[in-house]
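# Could you look at this predicted model? Sequence included:
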Number of protein chains: 2
Amino acid sequence: MAVIARLEGSQSNGTPNALDNLRDLCATDFARVNQLIVDHMQSDVPLIPELAGHLVVAGGKRLRPLLTLASARLCGYDGDKHIGLAAAVEFIHTATLLHDDVVDESDLRRGRDTANAVWGNQASVLVGDFLFSRSFRLMVESESLRVLDTLANASAVIAEGEVAQLTTANDTATTEEDYLYVIRSKTAALFAAACQVGGHIANRNIEDETALEQYGANLGIAFQLVDDYLDYSATDQAFGKGVGDDFREGKITLPIVLALRRGNDDEHVFWKRTLEDLDQQDGDLERAIEILTAHGALSDTLIRARGYADTARAALATLPDNAHRTALEDVVDFCVERAY
Amino acid sequence: MAVIARLEGSQSNGTPNALDNLRDLCATDFARVNQLIVDHMQSDVPLIPELAGHLVVAGGKRLRPLLTLASARLCGYDGDKHIGLAAAVEFIHTATLLHDDVVDESDLRRGRDTANAVWGNQASVLVGDFLFSRSFRLMVESESLRVLDTLANASAVIAEGEVAQLTTANDTATTEEDYLYVIRSKTAALFAAACQVGGHIANRNIEDETALEQYGANLGIAFQLVDDYLDYSATDQAFGKGVGDDFREGKITLPIVLALRRGNDDEHVFWKRTLEDLDQQDGDLERAIEILTAHGALSDTLIRARGYADTARAALATLPDNAHRTALEDVVDFCVERAY
């Protein structure tokens, strides 16, 4: 998820990137979403806006709410219910981050101290619950049972993915299938729902909604795979977590799964020691990157990411060809190209 | 919340209590709710039903779903949407318990090891999220936006109450008003919503729904006050947590608030040491009980509980006079009388 931070601002060469373009295209809606987010994290209990504000101020690029806004507009929607839904989607994401940080015992998120490092796990759990409840209220305001059904389902799937990740964490026997199940659930499900609900409120037919869902789901997988890749190869550590965070936490991501499948006994011993036992020494990260590179595990992760990206882009083909569709197509390329 | 366990089964003299009567009256519906709870905690991720089942098997009397069932029937509802709503209410409650135990770092719940003690905090947080999401799906199935609005609102209020409790925990400056805010939010809000949604699906007018809400809210407060009282005076430790748990955790409950208001400087020093600094020695619990008794703090807590109980009972007066109403009235008495 740290990739969100890397999406920050313009590209290093100063030209606006596809995310900037998407944000510009949705600028009026996006400003309303940001205001709604601030309004809905208020509470008579001061710790709530204080803690939630910590995460919200830290930013993140709000890619998911942008997907909701653009999907609705792509479908010709001219009401304003997409504003509340976009805020609801961001609240689900924020609640998940708060609970994730408790789970990972992380100390840094988007380059700042995590909320749990500042206020303790207890407050992070409860404020996450509050934001999740608030997201639910925002959804109810859409008065669309299809929207509610889609987002309720996505929320349950995200939680299932997080639990599945917990059970595969530090387990070098994790298969590619196991891994894909986890990221489809914990990451791609919210991307998919964020897009799909844009179709719901625009009252599109089931084919168009499925196209949006497929776009979001495949974009989400590509996004996560690039994130996994960057954790072993990013050169720019200015934002968010640095290279090697997944390794230090013993996370079994796709590059690791591929290297394990292709590795010899010595390497298995190495992965078991470093990722299962979390017994890590100086030079281990460098050796990990060497092994991953030798097996083509990093490049193959990118090839797979490009495959999902192509599927995401293709899913939009049957939808109206307008500026919002183009912006969503470009965001796919951007998500993959940040790896280069 | 430990009181739920104390509500278990029949009274010590062998006669059925009011909760048994309510359960008998709703027996067919209740069996369907219990089945639905088991069905909806299933997942392809084995840890989810395993962990959720631990808590569900441990029981608890499912007072909240019974309130939903009885409220709907009291209002003459003859459909079956109250079944799913009752299960949803229980899931919200169960999710709250899972997160509570993480927050409190509890080891025992309903006389068994807590889920977090067995599977760790991480799994408890995430399975709580899963159950909360599932409750949301169950609510969506009611296809009633009023139901969704009421329960979404209650969920946010519960989270606010939990955060407020966190900020008043171990704080001997907590006022009676602070304390009432916490229990209205964290306990009474779900009792109120559990009753109110019974009115929603029965399509009652706003006066009847408000009556049900008032019944639930006041019952919830009375229930919590008796719980606070019992923590310093229960003689039966066969079920749930034992006497003195709140004291050992430094919880500022109503008896403490009253004793603090009425106490001298020596006593303030005592409460600060034991509840704020959690510096407790042998004999401290006994001294706490002595001080509480000397100031009438325990008996006055019960007097207040009876006041809320009377208000709860009175709220039902304008509703149809039938067996379900009588059973709900009797449950109020039972909740208070268990203190004697």
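Thanks, I have it.
# ok, A:E276 - how many residues close by?
A:E276 sits with 15 neighbouring residues when counted by other Cβ atoms under 10 Å in any protein chain shown. To be clear about C-beta, it is placed using only N, CA and C from the backbone, and glycine gets the same treatment.
# Show me what the stretch of helix or strand A:T94 belongs to is packed against.
Using DSSP states H and E, A:T94 sits in helix A:81-104. Contacts defined by 3 or more Cβ pairs under 8 Å, 6 or more residues apart in numbering or on different chains; DSSP states H and E place helix A:81-104 against helix A:27-40, helix A:47-58, helix A:63-74, helix A:115-119, helix A:121-140, helix A:145-168, helix A:189-201, helix B:121-140.
# got the contact list for A:A86?
For A:A86, the contact set (Cβ atoms under 8 Å, 6 or more residues apart in numbering or on different chains) comprises A:D29, A:V33, A:R64, A:P65, A:L66, A:T68, A:L69, A:A194.
# again, only using 7 Å
Residues in contact with A:A86, defined by Cβ atoms under 7 Å, 6 or more residues apart in numbering or on different chains, are A:V33, A:P65, A:T68, A:L69.
# Now pLDDT too, for those, in JSON lines please.
Shown next, in JSON lines, are those (pLDDT from 0 to 100):
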{"residue": "A:V33", "pLDDT": "96"}
{"residue": "A:P65", "pLDDT": "97"}
{"residue": "A:T68", "pLDDT": "98"}
{"residue": "A:L69", "pLDDT": "98"}
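# ok, which of these also contact chain B?
Restricting the contacts of A:A86 to those touching chain B (Cβ under 7 Å from any Cβ of the partner chain) yields no residues.
# Could you identify which of those has the most neighbours?
With neighbours taken as other Cβ under 10 Å, the top of these is A:T68, carrying 31 neighbours.
# Which residues are in contact with that residue?
Contacts of A:T68 by Cβ under 7 Å, 6+ apart are A:H82, A:L85, A:A86, A:V89, A:A194, A:V197, A:G198.
# ok, the fifth one to B:S124 distance?
Taken as Cβ to Cβ, to the nearest Å, the spacing of A:A194 relative to B:S124 amounts to 27 Å.
# Same drill for these two, tell me which one is more crowded.
A:A194 (33 against 26).
# Isn't the more buried one up against A:L63?
No - applying Cβ atoms under 7 Å as the test, A:A194 and A:L63 come out as separate, 8.7 Å apart.
# what pLDDT does the residue nearest to A:G53 when sequence neighbours are not counted get?
Distances taken as Cβ to Cβ, 6 or more residues apart in numbering or on different chains place A:M41 nearest to A:G53, at 6.7 Å, with adjacent residues excluded. A:M41 is assigned 90 on the pLDDT scale.
# Repeat that for the one 10 residues further on.
What the model reports for A:L51 is a pLDDT of 86.
# and the gap between the nearest residue to it once chain neighbours are set aside and A:V102?
The shortest distance from A:L51 to any non-neighbouring residue, by Cβ to Cβ, 6+ apart, is to A:V127 (4.7 Å). Applying Cβ to Cβ, the value for A:V127 to A:V102 is 11 Å.
# next one: A:E177
28 Å.
# Just want to know which of these two has more residues nearby.
Neighbours were counted for A:E177 and for A:V102 using other Cβ under 10 Å; A:V102 has more, 24 against 9.
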